[in-house]
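Student: mind folding the following:
(one chain, ligands or ions: 1)
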Amino acid sequence: MSIYVYAADRISPKMRILSVSLVLLGASASAVLITNVHAFEGTPAGFRIENGEIADVDPWAAFFNPSFFISAAHVAVSAYMTGAFMICSISAFNMLKHRKNQRVLRFHRKALMLSLAIGGIFSLLTALNGHESAQMLHEYQPEKLAAAEGLFETQDYAPLAIGGFTDKETQEIKYAIEIPWALSFLAGNSFETVVVGLNDFPEEYWPPLFVHTLFNGMVLIGSFLIFLSMAGFVWNKLLKKPNFPKPFMYAFVIAGPLALLSIEFGWIFACTGRQPWVIYRVLTTAEVVTGSSQIGLLFILFTLIYVILAVAVLLVLKYYFKRHPVENELETEASRGSISIY
Ligand code: HEM
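Tutor: Coordinates of the predicted model:
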């Protein structure tokens, strides 16, 4: 990353692309491998428990557990989508800030359009893959899907509840919009698919019911961002309007933070929805929770380290861009006649 940023004027563009591609490769591999721990926790494989002992260990079967590919893909595509929408936010913010400087404006508009195209493609892929994740839950962790949708009774032609809050006492979702039959179709590609409700499981196996709100938040943000990129495309490319009206620009500015929020909703939903298990139907969270009295201190120290890192990154970036404003770069490139964005 440092080579890409700081050696810009010392190495060829091809080498810069190579350096940033290696960052992409490393970061993606790290995301996939870390996510696989979570995938294994949800769909454990590659071992048997015999008389309380672990037997027949097959590391490859554990690695390629049933949700490995789907989970890894969901995390990777949603991360690429979030990266694109963060660029969208920054470019839209700069376009609002530098309304008078045509050259800078054009530069940021180009970044905006590129980020909308990439964000649009990856948000569509995220939704398609999210659909597969839901089917995976239907097959392997049905109580998580039931909690995500506040479904208490097992049924075919099951409705999909959008919004609202799960009420445990009355066993219904309050204030939700219900789309008839849609949950059955989502779970098994047929309206006749029987979706198992929470009442078929002992109550101590139920995940916390607020996960419905987290699941909704993730899906709603994903759908909004697909809509936003499509609307941007129609406005700019089909209606051929070069300037976006203010409401559009404000929506672009919040797109990145919304995508980040969606990632948080997704992770909290996925891990809270697995409760009370740390490894599904093998090990409960209560069994593995640490008895250490230092957890509070550790939490504060970790938070402190991340705050220091975040502040350091922000300061370095601020300093760098203050010393290398985009205006200077555009001037230099234009005087060399080697820039194609005008
Ligand atoms: C648009 C429709 C979407 C659907 C149908 C969907 C579906 C799902 C499902 C079912 C899970 C739980 C998987 C599990 O517990 O194993 C999940 C988890 C997750 N989602 Fe989504 N999702 C959608 C959009 C998004 C968006 C827009 C983001 C972020 C930008 C996102 C990020 C995540 C993350 C980080 C997880 C946790 C990792 C995982 O379990 O795969 N999702 N999603």
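
Student: any weak-confidence spans in the stretch 101-250 of the chain?
Tutor: Low-confidence regions of the stretch 101-250 of the chain, defined here as pLDDT under 70, do not occur.

Student: that one against the ligand: which residues are in contact?
Tutor: By CB under 6 Å from any ligand atom, the residues of the stretch 101-250 of the chain that approach the ligand are 126-127, 130-131, 133-134, 137, 144, 218-219, 221-223. Placement of C-beta: from N, CA and C, glycine included.

Student: one more time with 8 Å
Tutor: 123, 126-127, 129-131, 133-134, 136-137, 141, 144-145, 148, 186, 215, 218-219, 221-223, 225-226 (CB under 8 Å from any ligand atom).

Student: just the buried residues of those.
Tutor: Neighbour counting by 16 or more other CB atoms under 10 Å classes 123, 126-127, 129-130, 133-134, 136-137, 141, 144-145, 148, 186, 215, 218-219, 221-222, 225-226 among those as buried.

Student: keep only those of these that are in strands.
Tutor: If you go by DSSP state E, those have nothing in strands.

Student: among these, which ones are in helices?
Tutor: Judged by DSSP state H, helices contain the following of those: 123, 126-127, 129-130, 133-134, 136-137, 144-145, 148, 186, 215, 218-219, 221-222, 225-226.

Student: distance of the closest residue to the ligand within the stretch 1-150 of the chain relative to residue 239?
Tutor: In the stretch 1-150 of the chain, no residue comes nearer to the ligand than residue 130, which is 2.3 Å away by CB to the nearest ligand atom. Between residue 130 and residue 239 the distance is 30 Å, computed by CB to CB, to the nearest Å.

Student: ok, now residue 40?
Tutor: With CB to CB as the criterion, residue 40 and residue 239 are 48 Å apart.

Student: those two: who's more crowded?
Tutor: A count of neighbours by other CB atoms under 10 Å puts residue 40 above the other of residue 40 and residue 239, at 21 against 8.

Student: need the strands for the stretch 1-150 of the chain, in chain order.
Tutor: 48-50, 53-55 (DSSP state E, counting those that start in this stretch).

Student: now mean neighbour count and mean pLDDT too, for those strands, in JSON lines please.
Tutor: JSON lines is the format used below for the strands of the stretch 1-150 of the chain (neighbours: other CB atoms under 10 Å; pLDDT from 0 to 100):
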{"stretch": "strand 48-50", "mean neighbour count": "10", "mean pLDDT": "93"}
{"stretch": "strand 53-55", "mean neighbour count": "9", "mean pLDDT": "93"}
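
Student: can I get these in a markdown table including distance to residue 110?
Tutor: Formatted as a markdown table, those follow (distance: least, CB to CB, whole Å):
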| stretch | distance to residue 110 |
| --- | --- |
| strand 48-50 | 57 |
| strand 53-55 | 55 |
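
Student: okay, those in JSON lines with distance to the ligand next?
Tutor: Conversion of those to JSON lines gives the following (distance: least, CB to the nearest ligand atom, whole Å):
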{"stretch": "strand 48-50", "distance to the ligand": "22"}
{"stretch": "strand 53-55", "distance to the ligand": "23"}
